[in-house]
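In: Sequence first, then the predicted structure, then my questions.
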Amino acid sequence: MLMREVTDLLDTWYAPAWADSWDAVGLVCGDPDAAVRRVLLAVDPAPAVVDEALEWGADLVVVHHPLFLQGVHGVAADTPKGRTLHRLLTGGCGLFTAHTNADAPALGVNESLARAVGVVEPAVIDPDDRPALDKLVVFVPREAADALRTALAEAGAGSLGDYDACSFSTEGEGRFRPREGAAPTIGRVGDLETVPETRVEVVLERGRRAAVLAAMRAAHPYEEVAHDLVELANPAPGEPTRGTGRIGDLAEPVSLREFAAQVARALPECAHGVRVGGDPDRVVRRVAVTSGAGDFLLERVLETDADVYLTSDLRHHRAGEFLEHGGPALVDVAHWAAEWTWLPVLAERLAATVGPALETRVSTTVTDPWTFRA
């Protein structure tokens, strides 16, 4: 495969538009037209990962954490990051990052962590802020359909993801009888009229409803516009959606002590280990998780029915105050170990999609910054 084919596939699964505004994702280095046969998957673009990639003969390294998060004016090889980039380039190996854009979607980092520790059907804790949607169905004479579709699009209807001016049309017949006092565009008062009409359907953000309806009426030739406006439902609970964190039940209840041991077995071993706040004998049925540093979601987790919240990088005061509320117990794991759980999922996804065209390898090199406990 060409490198651009691989990165386009990754961008389809983990769209760059989903990344936080401060993030840096996508292809960091490499020729998009270069051939790719071997892909190494890792959490960090650390020197040890570069060693592994070049020794194995990787053509592309896909990582979760960015090499550069801030603007730079040079990448000289006398700095650690510059040296990493130079070694990749001289070794003929590209580097691609999927960071916050890979956290929230289905089969992303949050969901991978939840499934790894035993959550059976993980659902989103905090869905992405997506506007509520309406669907507008309007009936118009065929010769006026193009002008109406244009007016609706200009008012903001028909935007779906990276596309705009989206609509669906079917042909049919409209029947009506103008009564006394009407000023019909087509037909005469008192006569039953049959008109070839087009049914036009568009989706719109609910906040644009007034503007879209006004545009519809202004562009429509009829004085009375036949139309339907339907509020679209949100995804059902448990349906795979994009958002922060995951929550769900274990296959069977366990004690907090047993759950902590289960987590330790599920995650790759590193010096951090598994830290637990709560009664060891507490029964754990429902588990909430957030990959990476997750104390920003503590208040939201308190609103759930979780028995335990698993995340990383919890701070002393925030953890202590959380436990004082008498809500879920806390399990704190290594940031690196939690996010590593996504790599096997990504490897399986690539294998299922492209088959033998790519050889993938999940790096087991521990790049957590903490190396031992005294």
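Out: Ah, there it is.
In: Mind listing what's buried along the helix or strand bottoming out on mean pLDDT in the chain?
Out: When each helix and strand of the chain is scored by mean pLDDT, DSSP states H and E, strand 123-127 comes last, with a mean of 88. Neighbour-count burial for strand 123-127 flags 123-126 (criterion: 16 or more other CB atoms under 10 Å). Glycine gets a C-beta too; all of them are placed from N, C-alpha and C.
In: biggest separation within the residues you listed, which pair?
Out: Using CB to CB, the two most remote members of those are Ala123 and Asp126, lying 10.8 Å apart.
In: which one of the buried residues of strand 123-127 is nearest Val263?
Out: Among the buried residues of strand 123-127, and counting by CB to CB, the member closest to Val263 is Ile125, at 17.9 Å.
In: Can you say which helix or strand has the residue lying closest to that closest one once chain neighbours are set aside in it?
Out: Distances taken as CB to CB, 6 or more residues apart in numbering put Gly245 closest to Ile125, at 3.5 Å, once the chain neighbours are dropped. Using DSSP states H and E, Gly245 maps to strand 243-255.
In: List the buried residues in that strand.
Out: Applying 16+ other CB under 10 Å to strand 243-255 flags 243-250, 254 as buried.
In: Now tell me what touches the lengthiest helix in the chain from outside.
Out: For the chain, the helix with the greatest residue count under DSSP state H is helix 342-354. Applying CB atoms under 8 Å, 6 or more residues apart in numbering, the contact partners of helix 342-354 are 1, 9, 13, 39, 41-43, 62, 64, 102, 107-109, 112-113, 115, 291, 358, 360-363.
In: Could you grab the helix/strand/coil label for the residue lying closest to Ala226 once chain neighbours are set aside?
Out: Once flanking residues are discounted, Ala226 sits nearest to Phe139: 4.7 Å by CB to CB, 6+ apart. Put simply, Phe139 is strand when judged by DSSP: H, G, I helix; E, B strand; the rest coil.
In: low pLDDT regions in the stretch 201-350 of the chain?
Out: By pLDDT under 70, the weakly predicted segments of the stretch 201-350 of the chain are 233-240.
In: Which parts of it are helices?
Out: Listed in chain order, the helices of the stretch 201-350 of the chain (DSSP state H, counting those that start in this stretch) span 209-219, 256-266, 298-302, 316-324, 335-340, 342-354.
In: Could you break the protein into its assigned domains?
Out: 3-101, 109-128+242-337, 133-231 (automatic domain parsing).
In: could these go into a markdown table alongside distance to Val354?
Out: Shown next, in a markdown table, are these (distance: least, CB to CB, whole Å):
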| stretch | distance to Val354 |
| --- | --- |
| domain 3-101 | 7 |
| domain 109-128+242-337 | 19 |
| domain 133-231 | 23 |
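In: Spatially central residue for the protein, please.
Out: Pro105 (2.8 Å; CA atoms, centre = their mean).
In: looking at it, Phe322 is touching Ala306, isn't it?
Out: No. At 11.7 Å, Phe322 does not count as touching Ala306 under the criterion of CB atoms under 8 Å.
In: phi, psi of the closest residue to Val366 other than its chain neighbours?
Out: Nearest residue to Val366 in three dimensions, chain neighbours excluded: Cys270, at 5.1 Å (CB to CB, 6+ apart). Main-chain torsions, Cys270, degrees, to the nearest 10: phi -150, psi 170.
In: Let me see the contact set for Cys270.
Out: Going by CB under 8 Å, 6+ apart, Cys270 touches 334, 336-337, 366, 368, 370.
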